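Show me the folded form of this:
(chains A and B)
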Amino acid sequence: MEAIGLLLNTTLVFSTALILVALGGIFSERSGVVNIGLEGLMIIGAFSAAVFTYFSSEWGFGGSSAAWFGVLMSIVLGAAFSLLHAVATITFKANQVIIGVVINILAFGLTIYLVKSLFDGSGQTENLSGIAFTKYNVPYLSEIPLLGDALFKTYPTTYLCYLLVFVSWYALYRTRFGLRLRSVGEHPGAADTVGISVIKYRYIGVILSGAFAGLGGATIALTTTYDFSHTTISGQGFIAIAAIIFGRWHPIGAAGAALFFGFAQALRFQADLFEWSQSIPNEFLYMLPYLLTLLLLAFAAGKSRAPSALGDPYDPGKR
Amino acid sequence: MEHQPIVAELKGITKRFPGIVANDNISFQLRKGEIHALLGENGAGKSTLMNILFGLYQPDEGHIEINGEPVVIDGAGKAIELRIGMVHQHFKLVKPFTVAENIILGNEPTKGIEVDIKSANVRVRELSDQYGLKVDPRFRIEDITVGMQQRVEILKTLYRGADILIFDEPSAVLTVQEIDELMEILRALAREGKSIIIITHKLKEIMALADTCTVIRRGKVVGSVNVKESSERQLAELMVGRSVNFQVNKEKSKPGKAILELSGLTVQGEHGKAVVEDVTFQIRAGEIFGIAGVDGNGQTQLVEAITGMRKANSGSIKVNGKELFGASVRNVTEAGVSHIPEDRHKHGLVLDFTVSENMVLNNYYKEPYSRTGILNYKAIDDNASKLAQQFDVRMSSIHTEARQLSGGNQQKAIIARELTRDPELIIAVQPTRGLDVGAIEFVHKQLVEARNAGKAVLLVSFELEELYGLSDRLAVIYEGRIMGQMEADEKNEEQIGLMMAGNVMGDAQRHTV
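Below you'll find the predicted structure:
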């Protein structure tokens, strides 16, 4: 019982980043812009969080305020970095996939370079234990058997993530903003002829993806690795893309898919808890999240329907 | 109408695109409560002019007055503000959204920070009832018919309070019955005091519907006439600039040997049910064989089976004595079969290729167009220039993307390619769909000439007039079966009508007697 609670709890911790990044990707893709730069935006977020949390603590930010400052900076810098993507693909109509790849490579190289210059040639930032986030038990709710262990004894960023899933769904499906954003991704010509600025909504979509991916990256640095190095983000951005597709570009669907992938990641940390699982070679467990992504997308995602105008730059003159 | 005030006036509008003057010093007046037709051939510049009035393009010269006030319309938003609405030929609807969501988009009623979909539904229903549009606001666009989608587009303009409504070729996508409904709606709108501009090249609709008709030819206004005092013939002549022959001139056919022989051809559809069943007929050299029938009775599958695009299940397809059952498209093509397909965008042209490339789509691999697998663009371009001239395909250059051509010119390009390959059999499916009278006349003439030169022609059409005019013999298809064959003569009209509704030939004769 306790083991299951722990397994679910770890699942949530790992899923948090995936969910947040997937939500960001949904905003971008629903507006019609493919964003495979999510991995790179996560790298920017994880890096910013690790660096600003460390230095703000040095500057005297006490308690969890250093970590929150790191989170804030990861959101701001993630959004700022995604602006590169927006300018290239929306204003200059560059190929969205290529720009996404460029974002990934650029983010990787840039952050490693900066880490080495900031931390005297070291490949990683200082360890953040003690100043990063700690788990917080929600009063009363955490007393519930199993559910309490699974859901309500976790990091503040995970609670924030629960909230953002709901907020994203509400924004996309209940507000004027969401209706317009989705219309731009489905049929930009229709939006344009009723006076909606396709360019504006696509910029917003891409910038939101940067902000969310930055936040997602930050949660990894501040709740899982406690530092930033070149291995901190290793494919989670791509798994988040898989979660978007598998979740049919819907916040709740994508959150469900991300939970599943998070579960696969959590399994490897829990494997030594059970006798039967100890015999499985570690390498296989490490492979699991990626393998599942591959299998799910190959077999289950065929029916998934992408926004109609996804990947097409808007050209009002085209017949 | 002359006593009604002018609500919109375009003065001296000129618009140039690279290589072409789309609008050349055009002036145009619209009066309150009138239905004003804008007539012109495909590519004459009608849509460009209306896109200028709706703010999607900016004129290079000239200006616009709305209710006597000079205005600059620099976008659709501004046009909406001036109470101008446009129903585009290709609907601007978001497919996964509901009717109401599409209508309110850009102008959403809100309650707090939420879109107030309830009051939107109520408002849309009110408007729909007021104009008799019969639209349910809660349906998704992807689930409703094309006719209803068009009514949603009309509601979109009414919801924004439009007084001037522009319709771009509104009947092009509709069935006959839907066209009648649309005409009723347009008349009702005009009675309510809305001013309507309808872009079209269908003369019958103009005669039935419009008060005034302005005719544009090659970017210039050639006349503005009162429809009541005019005739179809006069409008057609104004439009194409010469007298138009509505009747197809042809001599009696002198058929030769059998070119296409089908026997017992059966094709199964997706659900295992036969969509073409036991079809047997012959087409001889020098005759046009028409297939009549309501859309969706197996015509598409029959043609796809003959051309090799779809696998037939049993039977025999012989062209010039050669068995082509199960042959690939290329084998069929090389056996001397030309195909003018039903959907020219999907099967006739590669829209993103140039006209020049499109002209060699089915023989690019042969000399002189390629040698040892390398394309010879000089030969390809020479071929295109020659064909474009011979078939009067109008475009800014042979290196223009096929997408940029008007529908009529796209069809001419396909016909040029297919007829100059010296085929034995020409299969033409709905060859004049969406074309103006000038282009229709051209296509008909080409098919008759091919027949006179001894080709066999298989013509599939949903328009009986076209079938009577062109065919030498006719067959009627119903639910995949041939109900009967006969001479193409209007005397058989009633019988053909009965057969199209599913009566076999014997029954039909009994009814007519």
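
Number of residues surrounding the closest residue to chain A within the stretch 251-400 of chain B?
Minimum separation of the stretch 251-400 of chain B from chain A (Cβ to the nearest Cβ) falls at B:Leu351, amounting to 8.7 Å. The C-beta positions use only the backbone N, C-alpha and C, and glycine is treated the same way. Taking other Cβ atoms under 10 Å in any protein chain shown as the neighbour definition, B:Leu351 ends up with a count of 16.

Touching, it and B:His345? I think so.
Yes - counting by Cβ atoms under 8 Å, B:Leu351 does reach B:His345; the two are 6.1 Å apart.

burial of B:Glu61, as a residue count?
B:Glu61 - counted by other Cβ under 10 Å - has 13 other residues nearby.

so what's it bridging to?
Bridge pairing for B:Glu61 (DSSP bridges) gives the partners B:Thr14.

which element is the closest residue to A:Asp315 other than its chain neighbours on?
Nearest non-adjacent residue to A:Asp315, counting by Cβ to Cβ, 6 or more residues apart in numbering or on different chains: A:Lys93, 7.5 Å away. Of the helices and strands defined by DSSP states H and E, none includes A:Lys93.

same thing with A:Ser183?
helix A:176-186.

how far out from the middle of the chain is the very next helix or strand once past that helix?
Note on helix A:176-186: by DSSP H and E, the next helix or strand toward the C-terminus is helix A:188-193. Relative to its chain's centre, helix A:188-193 lies at 30 Å (Cα atoms, centre = their mean, to the nearest Å).

And for stretch A:266-273?
So, by Cα atoms, centre = their mean, the centroid of stretch A:266-273 is 23 Å from its chain's centroid.

So what touches it?
Applying Cβ atoms under 8 Å, 6 or more residues apart in numbering or on different chains, the contact partners of stretch A:266-273 are A:3, A:6-7, A:10-11, A:13-14, A:277-278, A:280, A:282, A:285-286, A:288.

let's see 7 Å
A:Ala3, A:Leu6, A:Leu7, A:Thr10, A:Thr11, A:Phe14, A:Ser277, A:Gln278, A:Ile280, A:Leu285, A:Tyr286, A:Leu288 (Cβ atoms under 7 Å, 6 or more residues apart in numbering or on different chains).

Helices of the stretch 51-200 of chain B, residue ranges please.
Counting by DSSP state H, counting those that start in this stretch, the stretch 51-200 of chain B has helices at residues B:76-81, B:99-104, B:117-130, B:146-159, B:176-191.

now do chain A
A:2-30, A:38-58, A:65-86, A:96-118, A:147-151, A:156-174, A:176-186, A:188-193, A:198-220, A:236-246, A:251-270, A:282-300 (DSSP state H).

Kindly reformat the ones you listed as a markdown table and extend each row with mean neighbour count and mean pLDDT.
Output for these, formatted as a markdown table (neighbours: other Cβ atoms under 10 Å in any protein chain shown; pLDDT from 0 to 100):
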| stretch | mean neighbour count | mean pLDDT |
| --- | --- | --- |
| helix A:2-30 | 25 | 92 |
| helix A:38-58 | 28 | 96 |
| helix A:65-86 | 23 | 96 |
| helix A:96-118 | 17 | 96 |
| helix A:147-151 | 18 | 84 |
| helix A:156-174 | 18 | 96 |
| helix A:176-186 | 24 | 97 |
| helix A:188-193 | 24 | 92 |
| helix A:198-220 | 27 | 97 |
| helix A:236-246 | 26 | 93 |
| helix A:251-270 | 22 | 89 |
| helix A:282-300 | 14 | 81 |
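
For the ones you listed, give me TSV that also has distance to B:Glu61.
Formatted as TSV, the helices of chain A follow (distance: least, Cβ to Cβ, whole Å):
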stretch	distance to B:Glu61
helix A:2-30	41
helix A:38-58	48
helix A:65-86	36
helix A:96-118	38
helix A:147-151	68
helix A:156-174	45
helix A:176-186	33
helix A:188-193	24
helix A:198-220	28
helix A:236-246	49
helix A:251-270	50
helix A:282-300	55
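
of all those, which lies closest to B:Ile496?
With Cβ to Cβ as the criterion, B:Ile496 lies closest to helix A:188-193 of the helices of chain A, at 41.5 Å.

Would you mind listing what in the stretch 351-500 of chain B touches chain A?
B:Arg403, B:Gln404 (Cβ under 7 Å from any Cβ of the partner chain).

Skipping adjacent residues, who's closest to the residue in the stretch 1-150 of chain A that chain B sits nearest to in space?
For the stretch 1-150 of chain A and chain B, the shortest gap (Cβ to the nearest Cβ) falls at A:Arg30, measuring 11.2 Å. Counting by Cβ to Cβ, 6+ apart, A:Gly185 is the residue found nearest to A:Arg30 once chain neighbours are left out, at 4.7 Å.

cool, and A:Ser183?
A:Ala191 (4.5 Å).

and the one you found, what does it touch?
A:Arg180, A:Ser183, A:Val184, A:Val198, B:Leu105 are the contacts of A:Ala191 under Cβ under 7 Å, 6+ apart.

Thought A:Val194 was touching the last one, still the case?
Yes - using Cβ atoms under 7 Å as the test, B:Leu105 is close enough to A:Val194 to be in contact (5.3 Å).

more neighbours, the two?
B:Leu105 (27 against 21).

pLDDT weak spots in the stretch 301-450 of chain B?
Within the stretch 301-450 of chain B, no stretch has pLDDT under 70.

all strands of the stretch 351-500 of chain B, in order?
B:370-371, B:374-375, B:425-429, B:456-460, B:473-478, B:481-487 (DSSP state E, counting those that start in this stretch).

Spatially, which pair of the contacts of A:Ala191 is furthest apart? Let me know, please.
Among the contacts of A:Ala191, A:Val198 and B:Leu105 lie farthest apart (Cβ to Cβ), at 12.5 Å.

Quick one, which of the helices of chain A gets closest to B:Ser397.
helix A:188-193 (26.3 Å).

still on that earlier bit, dump the helices of the stretch 51-200 of chain B to TSV, plus distance to chain A, mean neighbour count and mean pLDDT.
Conversion of the helices of the stretch 51-200 of chain B to TSV gives the following (distance: least, Cβ to the nearest Cβ, whole Å; neighbours: other Cβ atoms under 10 Å in any protein chain shown; pLDDT from 0 to 100):
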stretch	distance to chain A	mean neighbour count	mean pLDDT
helix B:76-81	3	20	91
helix B:99-104	6	28	96
helix B:117-130	9	16	95
helix B:146-159	7	21	94
helix B:176-191	19	16	90
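
dump the residue contacts of the closest residue to A:Val194 other than its chain neighbours.
Distances taken as Cβ to Cβ, 6+ apart place B:Gly106 nearest to A:Val194, at 3.4 Å, with adjacent residues excluded. Residues in contact with B:Gly106 (Cβ under 7 Å, 6+ apart) are A:Val194, A:Gly195, A:Ile196.

can you check B:Asp472 too?
B:Ser253, B:Glu287, B:Ile288, B:Ala488.

among the residues you listed, who's most crowded?
Most surrounded of the contacts of B:Asp472: other Cβ under 10 Å gives B:Ile288, at 27 neighbours.

ok, now how distant is that residue from A:Tyr136?
83 Å (Cβ to Cβ, to the nearest Å).

what's the distance between the residue nearest to B:Asp489 when sequence neighbours are not counted and chain A?
Using Cβ to Cβ, 6+ apart and skipping residues adjacent in sequence, the residue nearest B:Asp489 is B:Tyr468, 7.3 Å away. Note on B:Tyr468: its distance to chain A, by Cβ to the nearest Cβ, to the nearest Å, is 34 Å.

picking up where we left off before, with distance to B:Glu424 added, can I get the contacts of B:Asp472 in CSV?
Putting these into CSV (distance: Cβ to Cβ, whole Å) gives the following:
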residue, distance to B:Glu424
B:Ser253, 16
B:Glu287, 13
B:Ile288, 14
B:Ala488, 21
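
Could you pull out the buried residues of stretch B:410-430?
The neighbour-count check on stretch B:410-430 (16 or more other Cβ atoms under 10 Å in any protein chain shown) flags B:410-419, B:423-430 as buried.

In the stretch 301-450 of chain B, what residue comes closest to chain A?
B:Arg403 (5.7 Å).

Counting neighbours, what do you get for that residue?
14.

Can you tell me, leaving aside adjacent residues, what's nearest to it?
B:Leu351 (4.1 Å).
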